[in-house]
Every structure is written in C-alpha cells, then in structure tokens.
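Q: Please find the sequence and the predicted model below.
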Amino acid sequence: MQSGKHGKIAEVFGVRVNMVLIFVSFETKRDAEMVANYLVDKRLAACVIIFPVHSFYRWKGKKLTPKEFEAIIKTKRENFKKIQEEIEKSLPYEIPQIIAVEAKQVNEKYLKWLRSEVK
C-alpha cells in the first residue's frame, strides 16, 4: 500500500479492490437519470456520473454520429450481472453498450465509502 496526501491507495496486487466502473450509453438524459436513480436507490451502485457525449460509429452499413448520454456506474464487481439485466430492460438499443472495467487502484477512503453504500 502506498500513502500520500490523499490517503492510502488500495491496489489489486495483494488486495482485492472489487470495484468496477460500468460504462453505458443512453439515447436521452431522462433515460440515463431514471436508471441512475434506480441503481442508487436499490443500492446496486454507489454513484452514477452522467455526461453528454457525441458518438461516432458504424451501424448496419451507415456511419452514425448521434448525441448521447454516457453513464459511469461505480459498484462492486458482483453487481455487474444484476445491473446489466436492469439496464437491458430499459434500453431501446438492439445491441446496448454495457462495459465493465475493473478498478486497479482506488484510494482507501473512497473504496470504504463505496462498499458501505452498495449491497
């Protein structure tokens, strides 16, 4: 463990951080906020950040460049499947983007808070 100005850093090496960041794209801010509220209220996520994005991708032979809303969902690894199921119920996309990235390093105070807020 390293110490510094902002407290100790929990590292995957030797310590199981057990935190993931789940990235999800939404067509509307309203949809993103509905899912965020549900996940936080049900304690499936400790925090959800929503911000506007401009996406560029190919879909069914056409290049698309829609304005969307991206959510970053902060939670424990074991909640991924349940969150994925809840999001898939609410998204109109044929192939929704639901990507989990494992946190390698997290400051200890934040990780403790996350664990206390999530089931």
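A: That came through fine. Bear in mind the structure is a predicted one, so any value in this text is a computation, not a measurement.
Q: from here on, contacts and neighbour counts on C-alpha atoms
A: Will do.
Q: Quick one: residues in contact with stretch 89-102.
A: 18-26, 31, 35, 77, 80, 84, 88 (C-alpha atoms under 8 Å, 6 or more residues apart in numbering).
Q: Bridged to the residue nearest the centre of the chain, which residues?
A: Closest residue to the average C-alpha location of the chain: residue 73 at 2.2 Å, with C-alpha atoms, centre = their mean. Listed beta-bridge partners, residue 73: residue 22, residue 48 (assigned using DSSP bridges).
Q: any idea how far it is from residue 107?
A: 17 Å (C-alpha to C-alpha, to the nearest Å).
Q: contacts for the helix of greatest length in the chain?
A: Under DSSP state H, the helix in the chain containing the largest number of residues is helix 29-41. Contact with helix 29-41 is made by 26, 45-48, 50, 68-71, 73, 83, 87, 90, as judged by C-alpha under 8 Å, 6+ apart.
Q: just the buried members of those?
A: Neighbour-count burial (16 or more other C-alpha atoms under 10 Å) applied to the contacts of helix 29-41 gives 26, 45-48, 50, 68-71, 73, 83, 87.
Q: burial measure for residue 91, as a count.
A: 18 (other C-alpha atoms under 10 Å).
Q: which residues in this protein form helices?
A: Counting by DSSP H, the helices of the chain are 29-41, 80-90, 108-117.
Q: Point to the helix or strand of this protein where mean pLDDT is at its lowest.
A: Confidence across the helices and strands of the chain bottoms out at strand 9-11, with a mean of 54, counting by mean pLDDT, DSSP states H and E.
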